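*Asks:* Return atomic coordinates for the entry below.
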Amino acid sequence: MLKIQDITVKYAGNPNPTIEHFNLDMKQGEICSIVGESGSGKTTVIRAVLGSLPGGGKVTEGDILFEGNSLLGYTKQQWRDLRGSKISMIFQDSGAMINPIRRIGSQYVEYIRTHEDISKKDAWDKGREMLERMRLPAGDNIMKSYPFQLSGGMRQRVGIAMAMTFQPKLLLADEPTSALDVTTQAQIVRQMMDLRDEFGTSIIIVTHNIGVAGYMGDKLIVMKNGKVVDEGDREKVLYNADDPYTQYLMKAVPAVGGERYV
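*Replies:* Below you'll find the predicted structure:
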């Protein structure tokens, strides 16, 4: 479904690559967790997949294949058709991506009608239904609300609902729980797992939280300084890691009663 083949990413003005020789092979319905410290290149990986590298960023080596087609040669129109429909992204703080002076419904309807030729009423109904599937009660009230009237967890659910509107085959999640309290984090994680089970959506989640990575990921990738230092299935990376850096990450997980919960 998604194959990242030995890519290297560089940004304009920086001779040193941000990502070096990154590889990933994902099947439909699989979840991959990418962990590592800030600046390790995690977000750059998913932005490369989405074709949205900032600051003159460019894939200088390798290829990214989605359903057998190379994304690197896509035109602007092809990217517009792909983003939001087959590939969607959840940002670290989805609330910050929503226009604060427009009601949720106004923005949601506009988003839906950008990708689908339907009436405003049908778009409204579709948005309301998706919000309620994300366990946001009284979808009509949410649609009529301004972003500041919602809690952080509710805004994040709105972001997930919008990302999942067209049942994308691939969901890219950039620290989707980092700005939330622990209880809300758990709810968001469970909802993302439900999305995989319900729609067969593949997910790449970038996170600092190795507990979240271990809970969600079928496979884990550990990055440092733009390179993959460890990768494999959950059991291998969490409990049988060979790389010293991964071992240090595991030791950094707080222990409760002498046991680490990852």
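
*Asks:* Quick check: beta-bridge partners of the residue nearest the centre of the chain?
*Replies:* For the chain, the residue nearest the mean C-alpha position is Ala173 (1.1 Å; Cα atoms, centre = their mean). Beta-bridge partners recorded for Ala173 (DSSP bridges): Ile90, Ile205.

*Asks:* Could you shift the numbering so residue one becomes 19, and keep it that way?
*Replies:* With 19 as the first residue, the last one maps to Ala191.

*Asks:* Surely it and Ile223 touch.
*Replies:* Yes - proximity of Ala191 to Ile223 meets the contact threshold set by Cβ atoms under 8 Å, at 4.3 Å. C-beta: built from backbone N, CA, C; applies to glycine.

*Asks:* joint contacts of the two?
*Replies:* With contacts defined as Cβ atoms under 8 Å, 6 or more residues apart in numbering, the residues adjacent to both Ala191 and Ile223 are Met210.

*Asks:* which parts of stretch 131-142 are buried?
*Replies:* Ala141, Trp142 (16 or more other Cβ atoms under 10 Å).

*Asks:* export that stretch as PDB, just CAs?
*Replies:* C-alpha atoms of stretch 131-142 as PDB (Å, rounded to 0.1, in the frame of the first residue of the first chain):
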ATOM      1  CA  ARG A 131     -17.700  20.400  -0.800                       C
ATOM      2  CA  THR A 132     -14.100  20.900  -1.900                       C
ATOM      3  CA  HIS A 133     -13.700  17.200  -2.400                       C
ATOM      4  CA  GLU A 134     -17.200  16.200  -3.300                       C
ATOM      5  CA  ASP A 135     -20.000  17.700  -5.400                       C
ATOM      6  CA  ILE A 136     -22.900  17.700  -3.000                       C
ATOM      7  CA  SER A 137     -25.300  20.300  -1.600                       C
ATOM      8  CA  LYS A 138     -24.600  22.300   1.600                       C
ATOM      9  CA  LYS A 139     -27.300  20.400   3.400                       C
ATOM     10  CA  ASP A 140     -25.900  17.000   2.500                       C
ATOM     11  CA  ALA A 141     -22.400  18.200   3.400                       C
ATOM     12  CA  TRP A 142     -23.700  19.400   6.800                       C
END
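
*Asks:* what is the rounded mean pLDDT of it?
*Replies:* Averaged across stretch 131-142, pLDDT comes to 94.

*Asks:* Tell me, how many residues neighbour Gly91?
*Replies:* Gly91 has 8 neighbouring residues, counting by other Cβ atoms under 10 Å.

*Asks:* and what of Glu147?
*Replies:* What Glu147 shows, counting by other Cβ under 10 Å, is a neighbour count of 12.

*Asks:* This completes my enquiry, with thanks.
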